[in-house]
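1. Predicted model and sequence follow; I will ask about them next.
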Amino acid sequence: MNSRGGAETQGDLNQISGQIVDAAVRVHTRLGPGLLESVYERVLAYELEKRGLAVERQVPVPIAYDDIRFEEGFRADLIVAKSVIVELKSVETMAPVHGKQLLTYLRLMDYRLGLLINFGAPLLKDGIKRIVNDL
């Protein structure tokens, strides 16, 4: 366990991320592409909770600098098992800025692994990107 109470080893992170991807594929298969992001966020959180994983939604992402904490309104869509940040999109094509957004959250919150999932992709496997913060 890390200081947040989440997974520590690469194997743990891979197991959790595998559950997230499997749940996302299930949601995408049942609902199809192109709905609003908020729909996928709620249903994916439910699917993950059914699997026994702790899920936090819309978690504030503060900026810490010179012992000052800035609340700029950043919010991570999902944090799963206090270990993996999941950023959801429902767009035709992901842009590089989406990966930068997730990497920013990973760095500011000191997490190692994030998943960027685009539910707008016709095939979900084409809409999943793993982002690693090597710290």
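-> Structure received.
2. So for Thr9, what pLDDT did the model give?
-> Looking at Thr9, its pLDDT stands at 84.
3. same deal with Gly120?
-> Residue-level confidence at Gly120 comes out at 95, pLDDT.
4. Poorly predicted segments of the protein, please.
-> For the chain, applying pLDDT under 70 flags the ranges 1-8, 135.
5. Just give me the residue closest to the centre of it.
-> Val86 (0.3 Å; Cα atoms, centre = their mean).
6. so how many other residues sit close to Thr9?
-> Neighbours of Thr9 under the rule other Cβ atoms under 10 Å: 10. (Glycine included, C-beta is placed from N, CA and C.)
7. is it true that the residue nearest to the centre of the chain lies in a strand?
-> Yes. Val86 forms part of a strand when assessed by DSSP: H, G, I helix; E, B strand; the rest coil.
8. Enumerate every residue touching it.
-> Shown in contact with Val86 (Cβ atoms under 8 Å, 6 or more residues apart in numbering): Ile20, Leu44, Ala76, Asp77, Leu78, Ile79, Val80, Gly114, Leu115, Ile117.
9. So the most far-flung residue of the chain relative to its centre versus Ala76, what's the distance?
-> Largest separation from the mean C-alpha position in the chain: Asp66, at 27.5 Å (Cα atoms, centre = their mean). According to Cβ to Cβ, to the nearest Å, Asp66 and Ala76 sit 23 Å apart.
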